[in-house]
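In: the following comprises the amino acid sequence and a computationally predicted model.
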Amino acid sequence: MNSNDWTQGGDHLHYQQCGTCANRWYFKRDFCPTCGQTSPHTHLASGLGKVCASTLVHRAPSDEFRAIVPYRIVLVDLADGIRVMGHAEVDVLMDDQVRCEVRIIAGRSLPYFVKDTHVS
Ligand SMILES: [Zn+2]
């Protein structure tokens, strides 16, 4: 386990890339989901990207998340070549440039996107 991995409670977004077929993904695995190669490389993601879908959630799936409604869920195409789903500031909309942080939301460590004001 890598303690810097957000899925393991760390504070940075990582992704993995297969050295054989160049496929990229962001949920930590021990093998490539495309070709089965068993030693993928783990990289620190820039976390910068563009929102390709955005939804304001009013009906939460569990009690923990019910406490924070309404909240925004976005799908982001990162410059790193992966698509990541995460929480976001309520006013983040489609086509916005965003930056990923890892935050504790409803007791879990999750990707959280804020508007990237450094992009003109
Ligand atoms: Zn592969």
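Out: That came through, no problem. Numbering: from 1, shown residues only.

In: quick one: the strands in the protein?
Out: Counting by DSSP state E, the chain has strands at residues 14-17, 24-25, 41-44, 48-57, 71-78, 83-88, 97-105, 108-115.

In: which other helices and strands contact the longest one?
Out: The reference is to strand 48-57. strand 71-78, strand 83-88, strand 97-105 (3 or more C-beta pairs under 8 Å, 6 or more residues apart in numbering; DSSP states H and E). Yep, even glycine has a C-beta here, placed from its N, CA and C like the rest.

In: also the fifth one?
Out: Contacting strand 71-78 under the criterion 3+ C-beta pairs under 8 Å, 6+ apart are the following elements: strand 48-57, strand 83-88, strand 97-105.

In: check the last one too.
Out: Using 3+ C-beta pairs under 8 Å, 6+ apart as the contact definition, the elements that strand 108-115 packs against are strand 83-88, strand 97-105.

In: let me know the angle separating the shortest one from strand 108-115.
Out: Put plainly, it is strand 83-88. 90 degrees (axes from the mean of the first three to the mean of the last three C-alpha atoms, to 10 degrees).
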